[in-house]
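J.: Provided below are the primary sequence and the corresponding predicted coordinates.
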Amino acid sequence: MGFGETADKLPDTIADLHGTIAALVPGRNARPHFGWSMAQRGVILAHRLLKYRKIDMPRMTGARLLAKTVHAYGISHVFFMPYIAPRALMEMEKLGIRRVQTHGEKAAAYMADAYARVRRAPGLCMAQSVGALNLAAGLQDAWLSCSPVVAITGREHQRHQLRHAYQEVDHRSPFSAVTKYSACVTRPEELSQHLRQAFRAATTGTPQPTHLDLEGIDGGGVVDVEADLDVIVEPQFARTPPFRPVADQDSIAAALSLLDSAQQPVIVAGGGVTASDARAELVALAEKLSIPVATALNAKAMFPADHPLAVGVPGSYSRACSNQILCEADLVFFIGSHSGGQLTNNYTIPPPGVKVIQLDINPAEIGRNYAVAVGLQGDARNTLRQMLATSTCATPRTTWIESVQKRVRDWWETVADHYHPDDEPIRPERLCKALSEGLPANAILVSDTGHSGVWTGTMLDFRHPGQSYIRCSGSLGWGLPAAMGAKCAAPDRPVVCFTGDGGIWYHLAELETAVRCGINTVTVVNNNHSLNQERDGVEAIYGGQSAASDELWRFEDCDFARIAESMGCLGLTVRRASEIESALEQAIAADRPAVIDVKTDIEGIAPRAWRPAAGRPGMTCAGLAQGRSAP
């Protein structure tokens, strides 16, 4: 039997392999000898691999493979906008995966983003070809927030490309801007490899989205086809971080030496502390080394707000005292932070030239925005543990700590007039006070961007270690669908969304999704019937207030409680500060989604972030004491 003849008789499937072995090889246990053909030798090898279970490729559809793989990676919910891979969705149902059908692709991406951040594990969203661009736009937030989302889309068949196929555009470039791995999958045999890579890439290094583009507008060219397929799952990549490297001891020693010699050091904790679950280690190191701690918005819940070393949130969504303290620091230790534009108020806080230590799991981030005196490449939690193990207790920096505490106290005095009174209409600062006092000890607060990010970042404090905070990093309107994703990730915890009327309008239809799917979130609307954060800029251009300028930022007043009730939610309206606590309790206890429409003061506009005096790289302590800053 020649090689060509043998090849013609080779099996089409793994299931047929035993029969081929019997036909080609007399005595399957015989040792191969030099006279046997290459085909015979290959068949003997395949038989031995089968015997030791190194090949296990049953016949299944791509849909079954997809469902079994994501289920094995721990996916409990999939967020999607139809029409995409219905056969795969059917297979997911069989495995107990909840299917959350949304009213828009961006909302599906936002839900997957928050789901992933709360679980510290991958999230999954899907959309058909015509909606792929919308899904890519929704991944902007996951990209900016370092969230491990796996996105799956359909694409028109290759034979129809560049032929004006109905509803088809090339969506590869938009996904390349918001993913760290994006691949076209043309056959079911390619799916397992790319799925494995998508989960690996999403969770390693800096967690970020990945994308698979399946053949067919609904992915049918992959999911509807049967083939010999192997489910490959690497459990290590089902969580973040999959690896916890520790910075080298020489670098740790150098960093500790600099921290010990600094007179006015400050730690700035970023989202990497949250992703690494390093809250306890951060607090312990700050206390041991007597160093104040500022937190990025993504790490707001990682340090106790009432701790004597707490500085607050610096940057553009910030407390003035936090920015001032960072400008007085002689050493800044960034932990798990990109030191990006928002955190540093466009790279002015701390001022350029300050001595910096930076710890990050991704070496590409170390020194990106501030030149480092010492760089530490490693996981935040494990590296901080090593620093705790090798450091000695610092002499208390009494003068520096007292100065920091005074700045924080002085700032609270400047906002007291709006934080405490029960004025009508309600000030947003007073709303934040009520939420600080009323949020359950295990609540998750989900904040939209714009004014919602400013108010929750500066005025809302977390008073229990079991509380969590996630926020929008890109697009207004993220808050409502994101809260739904967070609730899917943590169904036993209260989830409260803080947004404005400008934010809730974006994806208001997802209240119907919440009711239909039993996703019982609480949405607090800071309803000032406007985008009043834009007012000052608009009126500066117009030279004052006018009917024409009002058109660019005012809305008609709307009753969101009635709208919510019409969709099956609980709707509550709050006009007095004294009503907030009761409304929050009622909403959390409701066995359905709830919306609290809080009528707030249109004059409740956050002050611009404090920054050093214009034209100067930093400020002296004397300048800070006199309160000088840029206009």
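T.: All right, it came through fine.
J.: Show me the shaky parts of the stretch 1-150 of the chain.
T.: When residues are selected by pLDDT under 70, those of the stretch 1-150 of the chain lie in 1-56.
J.: Go again with 50.
T.: Where the stretch 1-150 of the chain drops to pLDDT under 50, the residues are 1-18, 20-22, 24-34, 36, 43, 45-55.
J.: For it, which segments count as strands?
T.: 59-61, 77-81, 98-101, 123-127, 149-155 (DSSP state E, counting those that start in this stretch).
J.: same deal with the stretch 201-350 of the chain?
T.: Under DSSP E, counting those that start in this stretch, the stretch 201-350 of the chain gives strands at 210-215, 226-228, 265-269, 293-295, 310-312, 331-335.
J.: And the ones you listed: which comes nearest Val598?
T.: strand 310-312 (23.7 Å; C-beta to C-beta). All C-beta atoms are positioned from the backbone trio N, CA, C, and that covers glycine.
J.: any idea how far that closest one is from the chain center?
T.: 23 Å (C-alpha atoms, centre = their mean, to the nearest Å).
J.: Stretch 318-337 now?
T.: Put simply, stretch 318-337 sits 23 Å off its chain's centre (C-alpha atoms, centre = their mean).
J.: in it, what counts as buried?
T.: Buried residues in stretch 318-337, counted by 16 or more other C-beta atoms under 10 Å: 318-329, 331-337.
J.: quick one: Gln193 and Asp230 touch, right?
T.: No. Applying C-beta atoms under 8 Å, one finds Gln193 not in contact with Asp230, separated by 9.4 Å.
J.: which residues do the two both contact?
T.: Counting by C-beta atoms under 8 Å, 6 or more residues apart in numbering, Gln193 and Asp230 have no contacts in common.
J.: what's near enough to touch Arg117?
T.: Ser145, Ser147, Ile470, Ala486.
J.: For the third one, give the beta-bridge partners.
T.: Read it as Ile470. The partner list for Ile470 in beta bridges (DSSP bridges) reads Val446.
J.: measure it to Val356 for me?
T.: Between Ile470 and Val356 the distance is 27 Å, computed by C-beta to C-beta, to the nearest Å.
J.: The last one too?
T.: Here Ala486 is placed at a distance of 33 Å from Val356 (C-beta to C-beta).
J.: out of those two, which sits in the busier spot?
T.: Ala486 (29 against 23; other C-beta atoms under 10 Å).
J.: Can you classify the more buried one by secondary structure?
T.: helix (DSSP: H, G, I helix; E, B strand; the rest coil).
J.: Surely it and Val446 touch.
T.: Yes. With contact defined as C-beta under 8 Å, Ala486 reaches Val446; the gap is 5.5 Å.
J.: returning to what we had before: now the strands of the stretch 1-150 of the chain in JSON lines, with distance to Ile252 and mean neighbour count?
T.: What follows is the strands of the stretch 1-150 of the chain, written out as JSON lines (distance: least, C-beta to C-beta, whole Å; neighbours: other C-beta atoms under 10 Å):
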{"stretch": "strand 59-61", "distance to Ile252": "49", "mean neighbour count": "17"}
{"stretch": "strand 77-81", "distance to Ile252": "40", "mean neighbour count": "27"}
{"stretch": "strand 98-101", "distance to Ile252": "44", "mean neighbour count": "18"}
{"stretch": "strand 123-127", "distance to Ile252": "34", "mean neighbour count": "31"}
{"stretch": "strand 149-155", "distance to Ile252": "33", "mean neighbour count": "29"}
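J.: and the longest helix for the protein?
T.: When the chain is parsed with DSSP state H, its longest helix is helix 398-419.
J.: Past it, which element shows up next along the chain?
T.: Using DSSP states H and E, the helix or strand that follows helix 398-419 in sequence is helix 428-438.
J.: so how far is that next one from its chain's centroid?
T.: The answer for helix 428-438 is 25 Å, by C-alpha atoms, centre = their mean.
J.: same thing with stretch 538-551?
T.: Counting by C-alpha atoms, centre = their mean, stretch 538-551 comes out at 36 Å from the chain centroid.
J.: Pull up the distance across it, start to finish.
T.: The straight-line separation of the ends of stretch 538-551 (C-alpha to C-alpha, to the nearest Å) is 10 Å.
J.: dump the residue contacts of the one residue sitting closest to the centre of the chain.
T.: Residue closest to the mean C-alpha point of the chain, counted by C-alpha atoms, centre = their mean, is Ser147 at 3.7 Å. Counting by C-beta under 8 Å, 6+ apart, Ser147 touches Asp113, Ala116, Arg117, Gly123, Asp141, Pro207, Gln208, Pro209.
J.: cutoff 6 Å now
T.: Asp113, Ala116, Arg117 (C-beta atoms under 6 Å, 6 or more residues apart in numbering).
J.: Out of these, which sit inside helices?
T.: Here DSSP H is the test, and the contacts of Ser147 give Asp113, Ala116, Arg117 as lying in helices.
J.: so which of those residues comes closest to Thr392?
T.: Nearest to Thr392 among the ones in helices among the contacts of Ser147, counting by C-beta to C-beta, is Arg117 at 35.8 Å.
J.: domains for this structure, by residue range?
T.: 3-51, 59-238, 249-271+280-406, 424-599 (automatic domain parsing).
J.: Where among the ones you listed is average confidence lowest?
T.: Of all the domains of the chain, domain 3-51 carries the lowest average pLDDT, namely a mean of 45.
J.: quick one: the residue nearest to Arg120 when sequence neighbours are not counted and Cys146, what's the gap?
T.: What sits nearest to Arg120 in space, not counting adjacent residues and going by C-beta to C-beta, 6 or more residues apart in numbering, is Thr240, at 5.1 Å. Look at Thr240 and Cys146: by C-beta to C-beta, they are 9 Å apart.
J.: Spit out the residues that contact the two alike.
T.: Counting by C-beta under 6 Å, 6+ apart, the residues touching both Thr240 and Cys146 are Pro207.
J.: doesn't Ala151 make contact with Met126?
T.: No. Met126 is beyond contact range of Ala151, at 7.2 Å (criterion: C-beta atoms under 6 Å).
J.: The closest residue to Asp330 other than its chain neighbours: how many residues sit nearby?
T.: Closest residue to Asp330 apart from its sequence neighbours, by C-beta to C-beta, 6+ apart: Gln264 at 4.7 Å. Other residues within reach of Gln264, judged by other C-beta under 10 Å, total 19.
J.: go on, Glu402?
T.: The local packing of Glu402 (other C-beta under 10 Å) involves 11 other residues.
J.: Renumber starting at 18 from here on
T.: With the count now opening at 18, the last piece we talked about shows up as Glu419.
J.: Next one: Glu419 from Ile284, what distance?
T.: Glu419 is 18 Å from Ile284, by C-beta to C-beta.
J.: likewise Leu587?
T.: Between Leu587 and Ile284 the computed distance is 42 Å (C-beta to C-beta).
J.: neighbour count winner among these two?
T.: Between Leu587 and Ile284, counted using other C-beta under 10 Å, the more crowded position is Ile284 (27 against 20).
J.: So the more buried one sits against Leu306, correct?
T.: No. Look at Ile284 against Leu306 with C-beta under 6 Å: they stay out of range, at 8.6 Å.
J.: List the buried residues in stretch 271-281.
T.: For stretch 271-281, by 16+ other C-beta under 10 Å, it's Ala271, Ala272, Leu273, Leu275, Leu276, Ala279, Gln281.
J.: Same question for stretch 397-413.
T.: Across stretch 397-413, burial judged by 16+ other C-beta under 10 Å covers Ala397, Arg398, Asn399, Thr400, Leu401, Arg402, Gln403, Met404, Ser408, Ala411.
J.: about what we covered before: is it possible to get CSV of the contacts of Ser164 that adds distance to Thr365?
T.: CSV is the format used below for the contacts of Ser164 (distance: C-beta to C-beta, whole Å):
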residue, distance to Thr365
Asp130, 29
Ala133, 32
Arg134, 28
